[in-house]
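Peer 1: Sequence and predicted structure are below.
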Amino acid sequence: MKFNIVIRTLVLSTMTAAFTACASTRPPESAGEYLDDSVITTRAKSLLAEDNFFKSFQIGVETYQGVVQLSGFVDSQTTSDKAYEFVKSVKGVRSIKNNLIVK
């Protein structure tokens with residue numbers, strides 16, 4: 001009885017370790033890339049926050065290796081497109097993943 005529990009625990013632990021080892025991860029960023037990304041994120045958030053039009057929306061901004069991801073909810077496709085255009089103007093932005101959802 002105890003032997004079966006020990007075997008099952010070992011098998012489960014081995015499987016968990018195998019799946020975790022196979023999980024994809026992003027390549028590590030250098031300190032410079034991390035700093036650049038944080039500057040891009042800060043500038044994009046500031047640009048959106050300064051505009052009265054966007055103050056009523058909660059738009060999330062994340063950046064990884066110059067790729068900006070926009071997330072959150074907006075009221076129309078026009079608002080989503082306008083946010084995209086605002087962020088596109090930030091220096092250092094390579095591309096934008098516009099994941100804003102129109103409610």
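Peer 2: Nice, I can see it. Numbers count the residues shown, from 1 in each chain.

Peer 1: Am I right that residue 97 is in a strand?
Peer 2: Yes. With DSSP: H, G, I helix; E, B strand; the rest coil as the criterion, residue 97 is part of a strand.

Peer 1: who's it bridged to?
Peer 2: Beta-bridge pairing for residue 97 (DSSP bridges): residue 69.

Peer 1: For it, give me its contacts.
Peer 2: For residue 97, the contacting residues are 67-70, by CB atoms under 8 Å, 6 or more residues apart in numbering. The way it works is simple: take the backbone N, C-alpha and C, and place the C-beta from them, glycine included.

Peer 1: Show the buried residues in the residues you listed.
Peer 2: The neighbour-count criterion (16 or more other CB atoms under 10 Å) marks 68-70 among the contacts of residue 97 as buried.

Peer 1: Show me the helices in the protein, by range?
Peer 2: Residue ranges of the helices in the chain, as given by DSSP state H, are 2-22, 31-50, 77-88.

Peer 1: rank those helices by mean pLDDT and give me the bottom one.
Peer 2: For the helices of the chain, the stretch scoring lowest in mean pLDDT is helix 2-22; its value is a mean of 61.

Peer 1: and the closest residue to residue 41 other than its chain neighbours, how many neighbours does it have?
Peer 2: With sequence-adjacent residues excluded and distances taken as CB to CB, 6 or more residues apart in numbering, residue 41 is closest to residue 63, at 4.5 Å. Counted with other CB atoms under 10 Å, the burial measure for residue 63 works out to 25 neighbours.

Peer 1: who's residue 63 bridged to?
Peer 2: residue 68.

Peer 1: contacting residues for it?
Peer 2: Contact criterion CB under 8 Å, 6+ apart gives 37-38, 40-41, 44, 69, 93 as the residues in contact with residue 63.

Peer 1: which of the residues you listed count as buried?
Peer 2: For those, burial is judged from neighbour counts taken by 16+ other CB under 10 Å, and it is met by 37, 40-41, 44, 69, 93.

Peer 1: In a markdown table, list the residues you listed along with distance to residue 85.
Peer 2: Compiled in a markdown table, the buried ones among the contacts of residue 63 are given as follows (distance: CB to CB, whole Å):
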| residue | distance to residue 85 |
| --- | --- |
| 37 | 20 |
| 40 | 16 |
| 41 | 17 |
| 44 | 12 |
| 69 | 16 |
| 93 | 11 |
